[in-house]
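> sequence unknown, structure follows:
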C-alpha cells in the first residue's frame, strides 16, 4: 500500500511540475537590456547557437549535405541583399520564448510562410542531448529548417539590413508577431513570441561582422552580444551612432 502512495505522490509532483513549466515558466517575461550599445548586435533569442555560416551569392553551404541551400528557403522569400552572415539559435522549452530586436532600426517588411504540418526539429535522443545534457547537434538545413512555418522580419538598421526568422517546431500553436512595417525598433524591443521549442535565425547582410559567440554557446535574447560591426565604413559609423 505504501508503494501505491509513493507512486501517486510522484505522479502528482510530476503533473504539478509539468503544469508549472508549460503554464507559468514558459511565459516568463524578464526585462532584457543589451550588455553593450557600442555598435554591437545582440542575440534575438534565448538558446544555443546551432550554426554560424557565411551567406554567399544568396546561398549558404551545408557541409553535411555537400550542397548550397538557397537563402530564400530559410527566409521564406527573396531579398535584394545577397551576401553576409547567418546565425541560428535553437530555443529549448526551458528558454525564454520572447524574441528581441538585435540592433535598432526600422521594420522594412514582414513575410509569413504557413505550413500544413510542422516537422519536429529533434528526435527523442537529440532532444535529451540538447535540452537536458546541453550538447549541440548539427541542425542546419534539416527539413524543418526549410519547410516549417516561419515569420521573417526584415529590419533596416541605418543601411545595414537584417532578417530575423522565427521558425516553428512541430508542437507550436502559433508564432506571434508584435511589430509592423514602418515601426521604429530599439535595442532589445520584443519582436514576437514562439510557443514551445523553436529556432530563430538571424541573417546579417554585411561582410563586416565579427562574432563574439561560437556554436554550442548559450545566449540570451536582447542581452548577449553575439557580434560586432568591424571596419568603420561610412555606413557602419551611422549604425554605431544610431546604437
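Received, thanks. All values reported here derive from a predicted model rather than from experimental measurement.
> what residues are up against the most centrally placed residue in the chain?
In the chain, the C-alpha nearest the mean C-alpha coordinate belongs to residue 200, at 1.9 Å (CA atoms, centre = their mean). By CB atoms under 8 Å, 6 or more residues apart in numbering, residue 200 lies in contact with 44, 45, 47, 88, 89, 91, 99, 164, 165, 166, 167, 194. (C-beta placed from N, C-alpha, C; glycine too.)
> partners of the strand or helix carrying the fifth one in the sheet?
Under DSSP states H and E, the secondary-structure element containing residue 89 is strand 84-91. Note on strand 84-91: by DSSP bridges, its sheet partners are strand 47-55 (antiparallel), strand 198-205 (antiparallel).
> from the contact counts, what lies against the very next helix or strand once past it?
Once the chain leaves strand 84-91, the next helix or strand it forms, by DSSP H and E, is strand 98-100. Applying 3 or more CB pairs under 8 Å, 6 or more residues apart in numbering; DSSP states H and E, one finds that strand 98-100 makes contact with strand 190-194.
> chain center to the strand it packs on: distance?
10 Å (CA atoms, centre = their mean, to the nearest Å).
> packing partners for it?
strand 98-100, strand 150-157, strand 160-168, strand 175-177.
> please produce JSON lines containing these, extended by mean neighbour count and mean pLDDT.
Shown next, in JSON lines, are the helices and strands packed on strand 190-194 (neighbours: other CB atoms under 10 Å; pLDDT from 0 to 100):
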{"stretch": "strand 98-100", "mean neighbour count": "26", "mean pLDDT": "96"}
{"stretch": "strand 150-157", "mean neighbour count": "24", "mean pLDDT": "96"}
{"stretch": "strand 160-168", "mean neighbour count": "24", "mean pLDDT": "94"}
{"stretch": "strand 175-177", "mean neighbour count": "18", "mean pLDDT": "91"}
